[in-house]
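S.K.: 3D, please:
(2 chains)
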There are 2 protein chains.
Amino acid sequence: MSFDSDVAVIVGVGLIGGSLARAMKDRRLANHIIGCGRNQARLAAAQQSGLIDDWSTDMVQAGAVADLIVVCTPVDLIPRNVDSCASHARPGTLITDAGSIKRAICESVDPQLATFIGSHPIAGSHRHGHEFANGELFEDRVCIVTPDTDVPVPQIDRLKALWESVGSRVIEMTPREHDDVLAQTSHLPHVVAAALALSIDATNADFVGTGLRDATRIAGGDPSIWLPILQMNQDEILRNLERFRQQIDAFADALAQSDAEKLVELLGEARDRRRGLVRP
Amino acid sequence: MSFDSDVAVIVGVGLIGGSLARAMKDRRLANHIIGCGRNQARLAAAQQSGLIDDWSTDMVQAGAVADLIVVCTPVDLIPRNVDSCASHARPGTLITDAGSIKRAICESVDPQLATFIGSHPIAGSHRHGHEFANGELFEDRVCIVTPDTDVPVPQIDRLKALWESVGSRVIEMTPREHDDVLAQTSHLPHVVAAALALSIDATNADFVGTGLRDATRIAGGDPSIWLPILQMNQDEILRNLERFRQQIDAFADALAQSDAEKLVELLGEARDRRRGLVRP
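M.R.: So this is what the prediction gives:
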């Protein structure tokens, strides 16, 4: 199914919002793209670089003229941004987001307002800002969509068509399933990388190789972005931290007992698990 | 101080040994380089690709004609390889290694045999084999050398000149200091990456992004290489696992108590620590 939009509003023209705007422009998926946000200078710069056709700091007004609204702000701002955009939206306007948390967002959006379906394109970078926008960011990536049971199927299909049109493979699941998966594949790794960085003495900088550099890369993320993510998926992250601790204990026990067989087994299983998880 | 060698023997012509051979050839640091190992076909291939001038499976014989011997085999093989090479070496032949463990190696080499000084060039890759040899591998990297107190200063200077000649910055420390540092910057990260990989369900492969991919990259390493490294630095790795566990607990406690202030503090400190550790 092909996708098209007359007026698309993208709220939050950062790396994700800017890349989506670029991808939609490159593929002529919208006649007119309006960027929304709070910082006029940043929005004007995004327009200058051709990502958006127009910009506004008034989400209510922008939402009223759109047939597609994509909210790409930090997760803690998404519910209120969706509410603002939706408050005067026309019936049938498709509203989605790009947040990496789904349950808390989908539960807090007022189902009376308009058609909201959560999205999470699993794409990104440690870089921030529309300066790094990349129209190919969503190519060959997975996008999870989390429709409520009462959302009309044509709206779900239209949302899937949007993400497929920018190159993604769409997988549908419930908001809770999404958060369970992401706790493992994204939120746990973030906490582990941060804890690892904090375990290294600052005086050892001369001896840091590429292994530690890569292992801690995600710990370089912005705390203000990550705090709400961790908060909004607290229980599932805690469960996964407990699982992870058991794996650390397995290594520590095998080391303390000089159990070579067990160590080789753990190292081999870890290598094989990673091979299965990370496609070349 | 410039470095030169008439006959250099490199034992173990894999990524590190092959890269050192390539670097020495590129910079004309040796008249003749002999590669030593067990696999004749691999050694012949390394000669074919111009990394070494000649090869031998007889370390004793090769060691007897060398003025420089660099043992680049897995850490558990280094002591006996050094002993073989040194058994008929001429007085004054400089013998070193490239192992990522120093205390157990330096303690097990017979001090009567010849001049042995431990080295650890902090350079490498998750790739294995001389096919990936790269003459620039040691450029702008740190090489730790761990001379015993009774090694003559001119030999230490000659070893430093070797590593400086291939582009490295040389730092001198004791074998124990080396193992303490590397437990933090290399061995702990390896165990953490492996434990993280084991914490992710195989069924979640569709949802693995670049963050988890990078955070677990080192877990893809060969268990047969890593087992002896972990075994030979067991106590120091266990101490660092305990420190790491405390950082994980700090995150878990802050999450469980919904302590936003503490979470932001931990995330911010982790980001700052990493910035200090990883030079751009």
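S.K.: Outline the domain layout of chain A.
M.R.: The record's domain parsing of chain A by automatic domain parsing lists A:5-173, A:178-277.
S.K.: can you give me the helices for the stretch 151-280 of chain A?
M.R.: With DSSP state H, counting those that start in this stretch as the criterion, the stretch 151-280 of chain A has helices at A:153-165, A:175-182, A:188-198, A:210-215, A:223-232, A:234-256, A:260-277.
S.K.: do the stretch 1-150 of chain A as well
M.R.: Applying DSSP H, counting those that start in this stretch to the stretch 1-150 of chain A gives helices spanning A:15-26, A:40-48, A:59-65, A:78-86, A:103-108.
S.K.: Output the contacting helices and strands for the last one.
M.R.: Counting contacts by 3 or more Cβ pairs under 8 Å, 6 or more residues apart in numbering or on different chains; DSSP states H and E, helix A:103-108 packs against helix A:78-86, strand A:115-121, helix A:175-182, helix A:223-232. To be clear about C-beta, it is placed using only N, CA and C from the backbone, and glycine gets the same treatment.
S.K.: Nearest to residue A:278, out of the ones you listed?
M.R.: helix A:175-182 (15.6 Å; Cβ to Cβ).
S.K.: about what we covered before: in TSV: the helices of the stretch 1-150 of chain A, plus mean pLDDT.
M.R.: As requested, those are arranged in TSV below (pLDDT from 0 to 100):
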stretch	mean pLDDT
helix A:15-26	97
helix A:40-48	97
helix A:59-65	96
helix A:78-86	93
helix A:103-108	92
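S.K.: check contacts around residue A:213.
M.R.: Neighbouring residues of residue A:213 by Cβ atoms under 8 Å, 6 or more residues apart in numbering or on different chains: residue B:278.
S.K.: on that earlier part again, among the helices and strands packed on helix A:103-108, which is the most enclosed?
M.R.: The highest mean neighbour count among the helices and strands packed on helix A:103-108 belongs to strand A:115-121 (a mean of 25), with neighbours defined as mean count of other Cβ atoms under 10 Å in any protein chain shown.
S.K.: Correct me if wrong: residue A:156 contacts residue A:148.
M.R.: No - contact status for residue A:156 versus residue A:148: not in contact, 9.8 Å apart, counting by Cβ atoms under 8 Å.
S.K.: between the two, what contacts are shared?
M.R.: For the pair residue A:156 and residue A:148, residues contacting each of them under the criterion Cβ under 8 Å, 6+ apart are residue A:117.
S.K.: Tell me which residues are up against stretch A:118-128.
M.R.: Residues outside stretch A:118-128 that contact it (Cβ under 8 Å, 6+ apart): A:14-16, A:19-20, A:70, A:96-100, A:102, A:105-106, A:132, A:137-138, A:141-147, A:159, A:163, A:168, A:175, A:178, A:182, A:217-218, A:220-222, A:225, B:207, B:209-210.
S.K.: how does it look with 7 Å?
M.R.: Counting contacts by Cβ atoms under 7 Å, 6 or more residues apart in numbering or on different chains, the residues outside stretch A:118-128 that touch it are A:14-16, A:96-100, A:102, A:105-106, A:132, A:137-138, A:141-146, A:159, A:163, A:168, A:175, A:178, A:217-218, A:220-222, B:207, B:209.
S.K.: quick revisit: switch the helices of the stretch 1-150 of chain A over to CSV; also include distance to residue A:244.
M.R.: Output for the helices of the stretch 1-150 of chain A, formatted as CSV (distance: least, Cβ to Cβ, whole Å):
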stretch, distance to residue A:244
helix A:15-26, 27
helix A:40-48, 38
helix A:59-65, 39
helix A:78-86, 28
helix A:103-108, 21
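S.K.: Tell me which of those sits nearest to residue B:81.
M.R.: Comparison of these against residue B:81 by Cβ to Cβ identifies helix A:15-26 as nearest, at 50.0 Å.
S.K.: Now do that closest one: everything it contacts.
M.R.: A:8, A:10, A:13, A:30, A:33, A:35, A:46, A:51-52, A:70, A:72, A:98, A:124-125, A:127-130, A:132-135, A:137-138, A:166.
S.K.: what angle separates that helix from helix A:153-165?
M.R.: Between helix A:15-26 and helix A:153-165, the angle formed by their directions is 90 degrees, by axes from the mean of the first three to the mean of the last three Cα atoms, to 10 degrees.
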